[in-house]
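> give me a model of this one.
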Amino acid sequence: MAEYLIAYLGGRKPATPQEGAEGMKKWQAWLADLGDAVVNPGTPLSQSQFIAEGGGTMETPDLPLTGFSIVKADDMDGAMAIANECPFLLMGSLQVSQVMKM
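Below you'll find the predicted structure:
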């Protein structure tokens, strides 16, 4: 099985504490359903700055990286199936990338 990084892009904050709690329940259920496929359940990110090629800062993209998870799957189709069930899609976008072993 290969490892895949699911990158969380953008995303809005919950409008209410109740919405946040409901989102957390969905997140925990999604992770529980994945079982042993989870390598890293999720790492949220906060402040970001970008460095352009050759040095110097550049503007933040429209969909900044806000966190990531790492999962195991047989292939990209399997990883995409896992990502398509992720509750983050209710508030933001995802990018799935295969992790290369060096």
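
> tell me the secondary structure for the nearest residue to P64 once chain neighbours are set aside?
Using C-beta to C-beta, 6 or more residues apart in numbering and skipping residues adjacent in sequence, the residue nearest P64 is S48, 5.5 Å away. Heads up, the C-betas are built off the backbone N, CA and C, glycines and all. Put simply, S48 is coil when judged by DSSP: H, G, I helix; E, B strand; the rest coil.

> show me what the top helix by length along the chain is packed against.
The single longest helix within the chain, with elements called by DSSP state H, is helix 17-34. With contacts defined as 3 or more C-beta pairs under 8 Å, 6 or more residues apart in numbering; DSSP states H and E, the packing partners of helix 17-34 are strand 38-44.

> which helices and strands sit right next to the strand it packs on?
helix 17-34, strand 65-73.

> ok and the first one relative to strand 38-44, angle-wise?
By that I understand helix 17-34. 160 degrees (axes from the mean of the first three to the mean of the last three C-alpha atoms, to 10 degrees).

> ok, and what's touching helix 17-34?
The contact list for helix 17-34 (C-beta atoms under 8 Å, 6 or more residues apart in numbering) reads 13-14, 38, 41-42, 71, 82, 85-88, 90-91.

> just the last one next, same as before
Taking contacts as C-beta under 8 Å, 6+ apart, the residues outside strand 65-73 that touch it are 1-11, 34, 36-45, 48, 79, 81-82, 86, 92, 99.

> buried residues, the longest helix of the chain. List them.
W27, W30, L31, L34 (16 or more other C-beta atoms under 10 Å).

> quick check: angle from it to strand 65-73?
Using the same axes, to 10 degrees: helix 17-34 against strand 65-73 is 20 degrees.

> just the CA trace of helix 17-34, in CSV.
Once non-C-alpha atoms are left out, helix 17-34 reads as follows in CSV (Å, rounded to 0.1, in the frame of the first residue of the first chain):
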residue,chain,number,x,y,z
PRO,A,17,-19.9,26.5,18.3
GLN,A,18,-22.7,23.9,17.6
GLU,A,19,-21.7,23.7,13.9
GLY,A,20,-18.1,23.3,15.0
ALA,A,21,-19.0,20.4,17.3
GLU,A,22,-21.1,18.7,14.6
GLY,A,23,-18.2,19.0,12.2
MET,A,24,-15.8,17.5,14.8
LYS,A,25,-18.2,14.5,15.2
LYS,A,26,-18.2,14.0,11.5
TRP,A,27,-14.4,14.2,11.4
GLN,A,28,-14.1,11.6,14.2
ALA,A,29,-16.5,9.3,12.5
TRP,A,30,-14.7,9.5,9.2
LEU,A,31,-11.4,8.7,10.9
ALA,A,32,-12.9,5.8,12.8
ASP,A,33,-14.2,4.4,9.6
LEU,A,34,-10.7,4.5,8.0
